[in-house]
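A.B. asks: Quick one, structure for this:
(chains A, B and C)
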Amino acid sequence: MSGRITKKEKERIQKILDLLDEHYTREYKCYLNHETPWQLLIATILSAQCTDERVNLVTKDLFHKYTSLEAFASADQKELEQDIHSTGFYKNKAKNIIACTNMLLKEYGGQVPENIEELTKLAGVGRKTANVIRGNIYHEPSIVVDTHVKRISRKLGLTKEEDPVKIEFDLMKVLPKEHWILFNIQIITHGRGLCTARAPQCEQCFLKELCKERK
DNA sequence: CTCCCGATAT
DNA sequence: ATATCAGGAG
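C.D. replies: This next block holds a predicted model:
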């Protein structure tokens, strides 16, 4: 039993992609402010269950205080906890950032790896964070299944799965590879603006005809 | 599966 | 008061 896509489904998906391209950016923009790959890695670790807006507020000061991988690797954990406190889960995040930066220095020569297997070996780095790095830093086709991509992909009928990894593989099957990174960026823009979890603006939504949950 | 967890919108 | 936010580890 193959998961082959019918012509009709393919056309539906292309219509979704076209409408997204029409309304949102085609740039590979990143909502998490950073200047270096390792800064994006830390920002993404901090972004777990936290708005990117909040993360940017915290990293603005954080990256001025800790200006290198070495600075994070040798940070005092309690002090770092206070520095990132408002992002939530601050004890785990501080511990992971210190462990992760030490691993980068000791095992990867201070370079952020490109490979997903190597990335997910890092403390605090799962598939979502690894795919953010792959897409944004290395521009390798990758799909980031965050809360927005999960919610909206299901609404658009692109997957019926709950598990983020299964959703990632469903989307890889269904979306043209050259659209993976842009789809992510555009869906996150959509999820932050129109199709929010608590109060989606369905009447103003340009995808309402294609939505399975439209009221 | 549970736990980690603050800030904000509803 | 409660749901939600660019999740990950044990």
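A.B. asks: Let me know whether residue A:83 touches residue A:61 as I believe.
C.D. replies: Yes. Between residue A:83 and residue A:61 a contact is recorded at 7.4 Å, counting by C-beta atoms under 8 Å. No exception for glycine: its C-beta is placed from N, CA and C like everyone else's.
A.B. asks: and these two? which has more neighbours close in?
C.D. replies: Each of residue A:83 and residue A:61 has its neighbours counted (other C-beta atoms under 10 Å); residue A:83 has more, 20 against 11.
A.B. asks: Tell me which helix or strand the closest residue to that one other than its chain neighbours sits in.
C.D. replies: Counting by C-beta to C-beta, 6 or more residues apart in numbering, residue A:62 is the residue found nearest to residue A:83 once chain neighbours are left out, at 5.8 Å. Using DSSP states H and E, residue A:62 sits within helix A:52-65.
A.B. asks: Tell me the helix or strand right after that helix.
C.D. replies: The C-terminal neighbour of helix A:52-65 among helices and strands, as given by DSSP H and E, is helix A:69-73.
A.B. asks: average model confidence for that next one?
C.D. replies: In this model, helix A:69-73 has an average pLDDT of 98.
A.B. asks: list the helices and strands it packs on?
C.D. replies: On a contact count with 3 or more C-beta pairs under 8 Å, 6 or more residues apart in numbering; DSSP states H and E, helix A:69-73 meets helix A:90-107.
A.B. asks: near DNA strand B, which residues of chain A?
C.D. replies: Residues of chain A lying near DNA strand B by C-beta under 7 Å from any atom of the strand: A:49-51, A:54, A:85-93, A:196, A:198-199.
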